[in-house]
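Novice: Below is the structure, and that's it, no one-letter string:
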């Protein structure tokens, strides 16, 4: 056995424990960092060739692993722009140079920057990375630009949907009345009356704005239409033709209810922005109406633990992580979006303190081996004297 092997092995042991302590230190320091994923140090032995009846001690090496796929707990916040992912997926963000990164830290705030000579408001995280999304209505995915203070042009109503529950106990010639609000080309609100009348057993008519009624016959055994009803068309004065779709029509033994919804909006301005669980970002108008603007896209990887960590709590794809697959929240295995919530660090403080104590003892034991080897070497040197 070579005395030099004692030094080599004990030094490798001290280096390994120092690496382990480094990951523990970083984990503890980031125990309050949103979306932070703890690192751990794995040990592997390095065995050297043996020969001549003499033992040749090897050494130990370390590999740092990240628990990126391990979910942290989600804490509620008071900010509507704070986002968390319950399940699989990453937010896609970009730096100012347009390079894409991926993160689980969803603490986003509005920040106005001058881009191309004009002021643009982005949603950025604490590291300044811009949240990306796809514009509603089509367009390439890119950094979300919030139209802060912009005047919203009116949009004439061109589509609507009806969901109506007719009471099965209603007498023939019984009528039910409701209404829906539509908008003309200049954004003027028009209240359109909707009248429903039971004309025969299990048969109702629906008339919009006094127009030609549509007859709906119901199966008395199921309470559902006997045949899928065709869409209705209604054209208000100074408005677009409105295509009305029947989403749900029933005739059950319960009270009457109607949900009559139409698109379109009056002119106005945005007073705020809100995320929905399906990943859509809408502008909140001064009228209280929501105007869909963007749809958040999530990314996921076959081996997320192989992503490369970068400053700012973001990750980059690698050859071993696989190619990013894009999708919407809650679809095709992607996690759901949680608004007004933040994913916490997945660091377990008690576990880290226990690991720190273990590493300290192992480091001390390796140093004792080194000191013992040094004393033996002193004995060999003193043999000449």
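Specialist: Thanks, I have it. Just so it is clear, the model here is predicted, and its values are computed rather than measured.
Novice: where exactly do the strands run in the stretch 151-300 of the chain?
Specialist: Under the criterion DSSP state E, counting those that start in this stretch, the stretch 151-300 of the chain carries strands at the ranges 151-152, 159-167, 175-183, 189-200, 203-208, 214-217, 232-234, 242-252, 257-262, 268-275, 280-285, 290-295, 298-300.
Novice: my bad, the stretch 1-150 of the chain
Specialist: Going by DSSP E, counting those that start in this stretch, the stretch 1-150 of the chain shows strands at 39-46, 59-66, 74-76, 83-86, 90-94, 100-103, 109-115, 118-124, 130-135, 142-143, 145-146.
Novice: Note down every partner strand of the fourth one and its orientation.
Specialist: Read it as strand 83-86. Within its sheet, and counting by DSSP bridges, strand 83-86 is paired with strand 336-339 (antiparallel).
Novice: Let me see the mean pLDDT of the partner strand.
Specialist: Strand 336-339 shows a mean pLDDT of 92.
Novice: residues in contact with residue 10?
Specialist: Residue 10 makes contact with 366-367, 369-370, 373, according to C-beta atoms under 8 Å, 6 or more residues apart in numbering. Just so you know, the C-beta spots here come from the backbone N, C-alpha and C atoms, and that holds for glycine as well.
Novice: Equivalent analysis for residue 345, please.
Specialist: 30-38, 72.
Novice: what do you get for residue 212?
Specialist: By C-beta under 8 Å, 6+ apart, the contact set of residue 212 is empty.
Novice: that older thread, could you dump the strands of the stretch 151-300 of the chain to JSON lines with mean pLDDT, distance to residue 89 and mean neighbour count?
Specialist: Listed next are the strands of the stretch 151-300 of the chain as JSON lines, based on pLDDT from 0 to 100; distance: least, C-beta to C-beta, whole Å; neighbours: other C-beta atoms under 10 Å:
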{"stretch": "strand 151-152", "mean pLDDT": "84", "distance to residue 89": "31", "mean neighbour count": "14"}
{"stretch": "strand 159-167", "mean pLDDT": "96", "distance to residue 89": "30", "mean neighbour count": "20"}
{"stretch": "strand 175-183", "mean pLDDT": "95", "distance to residue 89": "36", "mean neighbour count": "17"}
{"stretch": "strand 189-200", "mean pLDDT": "95", "distance to residue 89": "40", "mean neighbour count": "16"}
{"stretch": "strand 203-208", "mean pLDDT": "96", "distance to residue 89": "42", "mean neighbour count": "20"}
{"stretch": "strand 214-217", "mean pLDDT": "96", "distance to residue 89": "42", "mean neighbour count": "16"}
{"stretch": "strand 232-234", "mean pLDDT": "93", "distance to residue 89": "40", "mean neighbour count": "18"}
{"stretch": "strand 242-252", "mean pLDDT": "96", "distance to residue 89": "29", "mean neighbour count": "17"}
{"stretch": "strand 257-262", "mean pLDDT": "95", "distance to residue 89": "30", "mean neighbour count": "16"}
{"stretch": "strand 268-275", "mean pLDDT": "89", "distance to residue 89": "15", "mean neighbour count": "17"}
{"stretch": "strand 280-285", "mean pLDDT": "91", "distance to residue 89": "16", "mean neighbour count": "19"}
{"stretch": "strand 290-295", "mean pLDDT": "90", "distance to residue 89": "14", "mean neighbour count": "18"}
{"stretch": "strand 298-300", "mean pLDDT": "95", "distance to residue 89": "4", "mean neighbour count": "23"}
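Novice: So for residue 8, which of those strands sits nearest?
Specialist: strand 298-300 (43.4 Å; C-beta to C-beta).
Novice: what's the spacing between that closest one and its chain's center?
Specialist: Distance of strand 298-300 from the chain centroid (C-alpha atoms, centre = their mean, to the nearest Å) equals 8 Å.
Novice: elements contacting it?
Specialist: Packing partners of strand 298-300 (3 or more C-beta pairs under 8 Å, 6 or more residues apart in numbering; DSSP states H and E): strand 90-94, strand 325-327.
Novice: Figure out which of those is closest to residue 255.
Specialist: Of all the helices and strands packed on strand 298-300, strand 325-327 sits nearest to residue 255, with 40.1 Å by C-beta to C-beta.
Novice: Adjacent strands (with direction) for the closest one?
Specialist: By DSSP bridges, strand 325-327 pairs with strand 298-300 (antiparallel).
Novice: C-terminal to the partner strand, what's the next element?
Specialist: Remark: after strand 298-300, the chain's next helix or strand is strand 308-310, criterion DSSP states H and E.
Novice: if we look at that following strand, which residues are touching it?
Specialist: With C-beta under 8 Å, 6+ apart, strand 308-310 has contacts from 37, 66, 101, 315-318, 321.
Novice: Can you list the strands that that strand pairs with?
Specialist: When pairing is defined by DSSP bridges, strand 308-310 lines up against strand 314-316 (antiparallel).
Novice: what does the partner strand rub up against?
Specialist: For strand 314-316, the surrounding residues in contact (C-beta under 8 Å, 6+ apart) are 68, 90, 93, 101-103, 105, 127, 129, 307-310.
Novice: partner residues bridging residue 292?
Specialist: Note on residue 292: beta-bridge partners residue 282, judged by DSSP bridges.
Novice: and it, what does it touch?
Specialist: Residues near residue 292 by C-beta under 8 Å, 6+ apart: 136, 280-282.
Novice: cutoff 7 Å now
Specialist: 136, 280, 282 (C-beta atoms under 7 Å, 6 or more residues apart in numbering).
Novice: What is the nearest of the residues you listed to residue 358?
Specialist: Distances from residue 358 to the contacts of residue 292, taken by C-beta to C-beta, are shortest for residue 280, at 48.1 Å.
Novice: And the pLDDT for the closest residue to residue 23 other than its chain neighbours?
Specialist: Among residues not flanking residue 23 along the chain, residue 39 sits closest, at 4.4 Å (C-beta to C-beta, 6 or more residues apart in numbering). pLDDT, residue 39: 90.
Novice: if I pick residue 39, what's in contact with it?
Specialist: Going by C-beta under 7 Å, 6+ apart, residue 39 touches 23, 26-27, 64-66.
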